[in-house]
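Q: Have a look; sequence and predicted model below, questions after that.
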Amino acid sequence: MKVYLKDGSVREYDKPVRVIDVARDIGQGLARCACAGEIDGKPVDLRTEVPDGSTVNILTFEDDYGRDAFRHSASHLLAQAVKRLYPNAKLAIGPPIDNGFYYDIDREEPFTPEDLAALEKEMQRIVKENIPIERFVCSREEALDRVKKEGENYKAELIENLPDDAEISFYTQGEFCDLCAGPHLMETGQLKAFKLMSLAGAYWRGSEDNKMLTRIYGTIFPSKKELKAHLERLEEAKRRDHRKIGRDMELFMMNDDGPGFPFFLTKGVTLKNTLIDYWREIHLRENYQEIQTPMILNQRLWETSGHWAHYRENMYTTTIDDETYVIKPMNCPGAMLVYNSKPHSYRDLPYRLAELGTVHRHEKSGVLHGLMRVRCFTQDDAHIFMTHDQMIDEIKRIVRLIDEVYLLFGFKYHVELSTRPESSMGSDEDWEHAINGLKQALEEMELNYVVNEGDGAFYGPKIDFHLEDSLGRTWQCGTIQLDFQLPERFDSEYIGADGERHRPIVIHRVAFGSIERFIGILIEHFAGKFPTWLAPEQIRILPVSDKFYEYGETIKKQLVAAGFRAEFDDRDEKLGYKIRAAQKDHIPYMLVVGADEEESGTISVRNRDKRAQTTITVDDFIQAVDKEIIDRQIELIDFSDGQSES
RNA sequence: GCCAUUUUAGCUCAGUAGGUAGAGCGCAUCCAUGGUAAGGAUGAGGUCGCGGGUUCAAUUCCCGCAAAUGGCUCCA
């Protein structure tokens, strides 16, 4: 028989071969790191027999499918160790994930960190034993019989839920046997470089109504070196954590008396205001009108909007003169009242009402996370009233605006389209119309997106923009939500060209999303080293000694007068100490002043990215940095580059 | 909300087999007047998360609560 390889070459065999045999035939090195295979482009297990005339490709850890197989085998390794040490533990599921794997386990006694150490040891033993991993298939009845005999009730449930035509396979390694679709490695010996990372609770089948199991997370790589590199990346991510940087740079703080309610310190407020200035600038350009609606409004209004029925559990309330009032969790009802406060002509549409609205939402205590997930945040909200015909163009316009904003900061993002959730209002036709509108806009703009079934708002479907934090976790920031319901409920209208009353459509949209969350992302993205235009402290003046305090102060005055955020370090310390401090505070520009500078009326500039310094006049410095800030550049100016060292 | 872990000085963290605690950084004062990533000396700082219980005595042991961290579920 003939087998074709990826490179076009042909191998001939006189008896049937499996994928792993082809790998061995190509080379022992490849066979050693083979994780899975591909036959005619279809991913397969290494044990799969190769049909005559097919094309075979060997997948390793470098390939997505191979990497999953590798990590999946690691989760079996963990499960085997668990069953050896704790025979009564029941296994649930154990898939590969980004950067590792996990296994969900049901055990009477809780696992402790010491158990993890013991498990790691046992896993190492199994690796050393280099146990062959084998696969077999059986009928549904045999499979059920087998797992039930072992008391593995979760596995039984899994089997019962498999589709009728599914092939039911098991993988065994030594005494351990697990229901699994595969693929897997050939033996346990390859799984050397792993580490169990953490314990967590996880609901069986992801539902809050089910029992909580213990999830053990682990990570694994083909070599110790790669594992070490990964652990170092995690350490680096920890250093970028916005909660740590936020505290160190005095941007914001938290306090037990207000869980989920961040306090912004003066530097954090500067950062926030700078973002808001930028936001106003682009929204003015885009013909938005800024409004502000009340923080507290009567319960009746929230019944009209549907929030009372669909969003009650997230809302804080208060009582005024024996009536219930709601502390707004969203800005939309207020915007509806503003729109309805006067008649509108079709000529006014799209009518764009923007609002930096601070909202309060009751979030479950366990979900709070620094600035990323809080109970009080400011949305850069807008509600756009328009005709059906304007819908697609308006959505595209907003997508472009959000893209412009994210591009300015150098963010990568991905887009999700969320459809109708269970608790929602409106007719199926409206929902379909709205979803198709969003899809059409995305497709016309040739934007890739994933569909998130059932994840829309209760009043309409949405497009979400997700940004990454330092650990690669993604957070929803921008969103565009289509709404046919609120105009109906609030009886909103406009007068058309025909002189008749018509119902407008509403778009809810945010670009930053929550300004707090956006700041969290910004901090981690830049690791605290903000571009100059955003930096709370842009320039720090460092006198060589107290003899030059006076000169330093004059420089500071000039800079402040020119509109910069400049500080003067008058601590009784040596220059090296002050530079180190400014560096750790991530100050973009350090200006050293001493005898030479005072005499020539200059400053020595040093930026935080480079050790080099250059002596220039204050005017030259002001001019250059002013332009940098106006252009909102990400990179600092390198004064040592192309500038004369006069 | 659920599971696990954690909570000691402004920050990072030691420590007490039950006898009211310690380091580094930071801060203050003094000396040194210094030229591009930490000069030296001295000193101040803690109700050991909060509330109960056991005990002659609790920061330490037990119980409850709160908050934080990592997840799950839920959402900007």
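A: That came through fine.
Q: tally of neighbours for A:H360?
A: 20 (other Cβ atoms under 10 Å). Backbone N, C-alpha and C define where each C-beta goes, glycine included.
Q: separation between the single nearest residue of the stretch 51-200 of chain A relative to RNA strand B and A:F170?
A: Taking Cβ to the nearest atom of the strand as the measure, the point where the stretch 51-200 of chain A comes nearest RNA strand B is A:A200, at 3.1 Å. A:A200 sits 27 Å away from A:F170, going by Cβ to Cβ, to the nearest Å.
Q: With neighbour numbers in mind, choose between those two.
A: Taking other Cβ under 10 Å, A:A200 and A:F170 do not tie; A:F170 has more neighbours (19 against 13).
Q: What helices and strands are in contact with the strand or helix carrying the more buried one?
A: Element membership for A:F170 (DSSP states H and E) is strand A:168-173. Under the contact criterion of 3 or more Cβ pairs under 8 Å, 6 or more residues apart in numbering; DSSP states H and E, strand A:168-173 touches helix A:64-85, strand A:133-138, helix A:140-149, strand A:176-179.
Q: among the ones you listed, which is nearest A:F458?
A: helix A:64-85 (35.9 Å; Cβ to Cβ).
Q: would you put the C-alpha positions of that closest one in PDB?
A: Taking Å, rounded to 0.1, in the frame of the first residue of the first chain, the C-alpha atoms of helix A:64-85 are listed here in PDB:
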ATOM      1  CA  ASP A  64      -3.400  22.900  17.800                       C
ATOM      2  CA  TYR A  65      -4.800  19.400  17.600                       C
ATOM      3  CA  GLY A  66      -1.600  17.800  18.700                       C
ATOM      4  CA  ARG A  67      -1.200  20.100  21.600                       C
ATOM      5  CA  ASP A  68      -4.700  19.300  22.800                       C
ATOM      6  CA  ALA A  69      -4.000  15.600  22.600                       C
ATOM      7  CA  PHE A  70      -0.800  16.200  24.700                       C
ATOM      8  CA  ARG A  71      -2.600  18.100  27.300                       C
ATOM      9  CA  HIS A  72      -5.500  15.800  27.300                       C
ATOM     10  CA  SER A  73      -3.100  12.900  28.100                       C
ATOM     11  CA  ALA A  74      -1.800  15.000  31.000                       C
ATOM     12  CA  SER A  75      -5.300  15.200  32.400                       C
ATOM     13  CA  HIS A  76      -5.600  11.400  32.200                       C
ATOM     14  CA  LEU A  77      -2.200  11.300  34.000                       C
ATOM     15  CA  LEU A  78      -3.700  13.400  36.700                       C
ATOM     16  CA  ALA A  79      -6.900  11.300  36.900                       C
ATOM     17  CA  GLN A  80      -4.800   8.100  37.200                       C
ATOM     18  CA  ALA A  81      -2.900   9.600  40.100                       C
ATOM     19  CA  VAL A  82      -6.100  10.700  41.800                       C
ATOM     20  CA  LYS A  83      -7.600   7.100  41.500                       C
ATOM     21  CA  ARG A  84      -4.400   5.600  42.800                       C
ATOM     22  CA  LEU A  85      -4.200   7.900  45.900                       C
END
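Q: following it, which helix or strand comes up?
A: strand A:90-91.
Q: For that next one, which strands pair with it and how are they oriented?
A: Counting by DSSP bridges, the strands paired with strand A:90-91 are strand A:100-106 (antiparallel).
Q: Dump the C-alpha coordinates for whatever helix or strand comes next after the strand it pairs with into PDB.
A: Downstream of strand A:100-106, the first helix or strand assigned by DSSP H and E is helix A:113-129. Provided in PDB are the C-alpha atoms of helix A:113-129 (Å, rounded to 0.1, in the frame of the first residue of the first chain):
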ATOM      1  CA  PRO A 113      -2.600  22.000  48.600                       C
ATOM      2  CA  GLU A 114      -0.600  19.100  50.200                       C
ATOM      3  CA  ASP A 115      -2.800  16.700  48.200                       C
ATOM      4  CA  LEU A 116      -1.600  18.500  45.100                       C
ATOM      5  CA  ALA A 117       2.000  17.900  46.000                       C
ATOM      6  CA  ALA A 118       1.300  14.200  46.600                       C
ATOM      7  CA  LEU A 119      -0.600  14.000  43.300                       C
ATOM      8  CA  GLU A 120       2.400  15.600  41.400                       C
ATOM      9  CA  LYS A 121       4.700  13.000  43.000                       C
ATOM     10  CA  GLU A 122       2.400  10.100  41.900                       C
ATOM     11  CA  MET A 123       2.100  11.600  38.400                       C
ATOM     12  CA  GLN A 124       5.900  11.700  38.100                       C
ATOM     13  CA  ARG A 125       5.900   8.000  39.100                       C
ATOM     14  CA  ILE A 126       3.500   7.200  36.400                       C
ATOM     15  CA  VAL A 127       5.500   9.100  33.900                       C
ATOM     16  CA  LYS A 128       8.600   7.200  34.900                       C
ATOM     17  CA  GLU A 129       6.700   3.900  34.500                       C
END
